[in-house]
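# Next come a sequence and a model predicted from it.
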Amino acid sequence: MKNTALTSTHQALGAKMVPFAGYMMPVSYEGVNVEHETVRNKLGVFDVSHMGEFLIEGPNALVLIQKVCSNDASKLTVGRAQYSCMPNETGGIVDDLIIYRVKDEVYLLVVNASNIEKDWDHIAQYNQDIGAVMRNISDGYSLLAIQGPKAVEAMQSLSSVDLAEIKFYHFVVGDFAGIEHVIISATGYTGSGGFEIYCKNEEVEQVWNKVMEAGTPYGIKPIGLAARDTLRLEMGYCLYGNDIDDTTSPIAAGLGWITKFTKDFVNSDALSKEKERGSENRLIGFELDDRGIPRKDYDIVDSQGKTIGRVTSGTMSPSLGKGIGLGYVPAIFADPGSKIFIQIRKNRIPATVIKLPFYKA
């Protein structure tokens, strides 16, 4: 089990540490509801250094990325980022990721921690005939997510960069917290605004301490993975291993908007045909009409009790005070307003399909 460069810091703060994606990670400090509300209303800082980072470089870097990723990375200019996914050859998804264009021929791919080795092998397989330069820098870099509506105001004193000028899914390589060259990215997994900071492992303790110091007047708190999950679920953001995986197509998962058929990529022909005919099953968001908490792998049933799907993510929404979840159902049940039921032990709890996101600021 690996540690991040901040493991001892989390332990000193009293974090509950759990194994996650091969790392010991802080799941909570004060409790999921308190941490969730802190990010929604003020700001919090997450250590997400378990995420993987690949550099793809050289004249053929874009050719490789275009082949393995579903979105159109040719649209990226230096200083812009893009959400994408890597389809596999059988209709599923290898991983979802963020692509950063750092320089003209240098791209940073940020992938999920549990998929680092799998992703690397998948990309390398297609690179055999393309010849881009690939570097796995995951073990040398840390990632902090500073999230919440107070993030810009609280963090401005730490950088000469005008943080308010960094647009969503844009980034700057600049000074932050006394470190000269870090990536300051206006991205995140919470829906409450903020930044993600990429720096070297030997720099991250200084960055963490200065972030906590600058954020103290604004109510900053350290936030664990449990609140990260409830925050992303309220936004309807997919979690790899739950809502998307090697068997779920990006079309069925509602990721058609990052699946661009203006280019050739892995399995693009089959996915294009699926988009034309429509997916047999679709990922939906639902709210429980009665009390209850939906959990992963609970059955979704129809009014007669027949199983029609399964819950892929579920929780009691701290912001909404009701049970919410994601799951796959046949297309006939997928329209907003459709009535379904969640089998919670012996009880069939009525639920309504809704248009995502659940939470609207």
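Now that the structure is in, tell me what you want to look at.

# how about the biggest helix by length in the chain: buried residues?
Secondary structure assigned by DSSP state H gives helix 201-215 as the longest helix of the chain. Applying a neighbour-count criterion of 16 or more other CB atoms under 10 Å, the buried positions in helix 201-215 are E203, V204, V207, W208, K210, V211, A214, G215. Where C-beta positions appear, they are placed from N, C-alpha and C, glycine not excepted.

# now for that helix, which elements pack on it?
strand 44-47, strand 141-147, helix 151-155, strand 179-185, strand 194-200 (3 or more CB pairs under 8 Å, 6 or more residues apart in numbering; DSSP states H and E).

# ok and it relative to strand 179-185, angle-wise?
70 degrees (axes from the mean of the first three to the mean of the last three CA atoms, to 10 degrees).

# tell me what whatever helix or strand comes next after helix 201-215 is packed against?
Remark: after helix 201-215, the chain's next helix or strand is strand 221-222, criterion DSSP states H and E. For strand 221-222, the elements it packs on are helix 32-41, strand 44-47, judged by 3+ CB pairs under 8 Å, 6+ apart.

# 10 Å - rerun?
helix 32-41, strand 44-47, helix 201-215 (3 or more CB pairs under 10 Å, 6 or more residues apart in numbering; DSSP states H and E).

# Export the ones you listed as CSV, with columns for distance to S303 and mean pLDDT.
Written out in CSV, the entries for the helices and strands packed on strand 221-222 read as follows (distance: least, CB to CB, whole Å; pLDDT from 0 to 100):
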stretch, distance to S303, mean pLDDT
helix 32-41, 33, 98
strand 44-47, 41, 98
helix 201-215, 49, 98
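
# can I get those in a markdown table with distance to L356?
As requested, those are exported to a markdown table (distance: least, CB to CB, whole Å):
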| stretch | distance to L356 |
| --- | --- |
| helix 32-41 | 17 |
| strand 44-47 | 22 |
| helix 201-215 | 30 |
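
# Go through those and name the closest to R101.
helix 201-215 (22.8 Å; CB to CB).

# where do the strands sit along the stretch 201-350 of the chain?
221-222, 281-288, 299-301, 307-316, 323-330, 339-344, 347-354 (DSSP state E, counting those that start in this stretch).

# What about R277, how many residues nearby?
By other CB atoms under 10 Å, the residues close to R277 number 8.

# what pLDDT does it get?
We have a pLDDT of 97 for R277.

# again with A361
In this prediction A361 is given a pLDDT of 79.

# residues touching the residue of the chain positioned farthest from its centre, list them.
For the chain, the residue at maximal distance from the C-alpha centroid (CA atoms, centre = their mean) is Q304, at 35.7 Å. Shown in contact with Q304 (CB atoms under 10 Å, 6 or more residues apart in numbering): F341, R348.

# Closest one of the buried residues of helix 201-215 to A145?
Closest to A145 out of the buried residues of helix 201-215 is V211 (10.5 Å), distances taken as CB to CB.

# Leaving out sequence neighbours, find the closest residue to the closest one.
In space, and not counting its chain neighbours, V211 is closest to V45: 5.5 Å by CB to CB, 6 or more residues apart in numbering.

# Need the pLDDT of the nearest residue to G285 once chain neighbours are set aside.
Leaving aside its sequence neighbours, G285 sits nearest to L356 (CB to CB, 6+ apart; 4.5 Å). Per-residue confidence for L356 comes out at a pLDDT of 98.

# Give the helix, strand or coil label for L356.
Under DSSP: H, G, I helix; E, B strand; the rest coil, L356 falls in the coil class.
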